[in-house]
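[1] Any chance you can model this:
(chains A, B and C)
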Amino acid sequence: MREKEKVKFILKFLHKLYGYSNKKKNNPFLVLISTLLSQRTRDETTDAATERIFSVYNTPKEFSDATLEELENLIKPVGFYHVKAKRIKQISSILIDRFNGIVPDNIEELLTLPGVGRKTANCVLVFGFDIPALPVDTHVHRISNRLGLVKTKEPYKTEIELTKIAPIEELYFLNTFMVKFGREICKPIGPRCYDCGVRDACDYFERQKISRDR
DNA sequence: AAAACGGGGGC
DNA sequence: GCCCCAGTTTT
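    Residues are numbered from 1 along each chain as shown, chains lettered A, B, ... in the order given. Below you'll find the predicted structure:
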């Protein structure tokens, strides 16, 4: 299949650029909370907030006992902090009431938590549990479509299609490296195609070239 | 399918 | 000042 060859080519390039990820399992609860905080927010901001909040609270019990104001003040610079603080508190209570204080390790149950969509749920699976999963954010979605690995407007379909054509062991790093690639080279606007090592396999670059030649 | 949620950083 | 950002929920 042509897409599979293309995926291999892209993966080889990403590995050359960024090396290999050491898949290190993290605390699923920490992954859950920090990923929730990272929604629509730059990761420098998120990392600082995660560090602050976990220096005070660590377990779902501690989070659910905290007041909303305390949580809000700790995560403040993060976007949507009001909503996110509320959801963190709700999630913590739900984990205690329905999941024995443990973060579930399957996507169906993760998706029942407030503020947890497919991207966040898949982050918990792959970064928290070492379970192969592909979190699709705007970067992964945009890059996959530009390259022509998938052709869809819906991130969910990108996830399904890309999961089908990428080797399973590559799912561990695909998200992380595509995000880096997306911030540094394949940017939303003004992508640096002149610096891109896979432009010859890229549908987007091809289209630009054609429209320039005319 | 589109709007709403939102403060902070880059320019 | 304006635009954008590791999405999800609601309309």
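
[2] ok, the helix or strand hosting A:K6 near DNA strand C or not?
    Secondary structure assignment for A:K6, by DSSP states H and E: helix A:2-18. No. In terms of Cβ under 7 Å from any atom of the strand, no part of helix A:2-18 sits within range of DNA strand C; the closest distance is 11.8 Å. Where you see a C-beta, it was placed from the backbone N, CA and C, and this is true even at glycine.

[3] Name the surrounding residues that touch that helix.
    A:147-149, A:162, A:165-167, A:170, A:173-174, A:177-178, A:180-181, A:197-198, A:201 (Cβ atoms under 8 Å, 6 or more residues apart in numbering).

[4] now, which of those residues lie within helices?
    In helices, judged by DSSP state H, the following of those are found: A:147, A:162, A:165, A:173-174, A:177-178, A:180-181.

[5] where does A:D200 land on pLDDT?
    At A:D200, the predicted lDDT confidence score is 93.

[6] Name the residues that touch the helix ranked longest in chain A?
    Criterion DSSP H: the longest helix present in chain A is helix A:81-99. Helix A:81-99 has contacts (Cβ under 8 Å, 6+ apart) with A:29, A:32-33, A:36-37, A:39, A:60-61, A:63-64, A:66, A:68, A:71-72, A:75, A:78, A:101-103, A:109, A:112-116.

[7] Please state the offset of it from the chain centre?
    Its chain's C-alpha centre and that of helix A:81-99 lie 20 Å apart, by Cα atoms, centre = their mean, to the nearest Å.

[8] Pull out the buried residues from the helix or strand following it.
    Counting by DSSP H and E, the next helix or strand C-terminal to helix A:81-99 is helix A:107-110. Neighbour-count burial for helix A:107-110 flags A:L110 (criterion: 16 or more other Cβ atoms under 10 Å).

[9] Enumerate the residues of chain A near DNA strand B.
    A:40-42, A:45, A:76-83, A:153.

[10] hmm, back to that, what is the mean pLDDT for the longest helix of chain A?
    Computed over helix A:81-99, the average pLDDT equals 95.

[11] rewinding a little: what's the farthest-apart pair in the ones in helices among the contacts of helix A:2-18?
    A:I165 and A:K180 (20.8 Å; Cβ to Cβ).

[12] how many neighbours does A:R40 have?
    10 (other Cβ atoms under 10 Å).

[13] quick one: contacts for it?
    Shown in contact with A:R40 (Cβ under 8 Å, 6+ apart): A:79-80.

[14] next one: A:N145
    Residues counted as contacts of A:N145 (Cβ under 8 Å, 6+ apart) are A:151-152, A:158.

[15] Please repeat the previous calculation with a cut-off of 7 Å.
    For A:N145, the contact set (Cβ atoms under 7 Å, 6 or more residues apart in numbering) comprises A:K151.

[16] How about A:P77?
    A:45, A:49.
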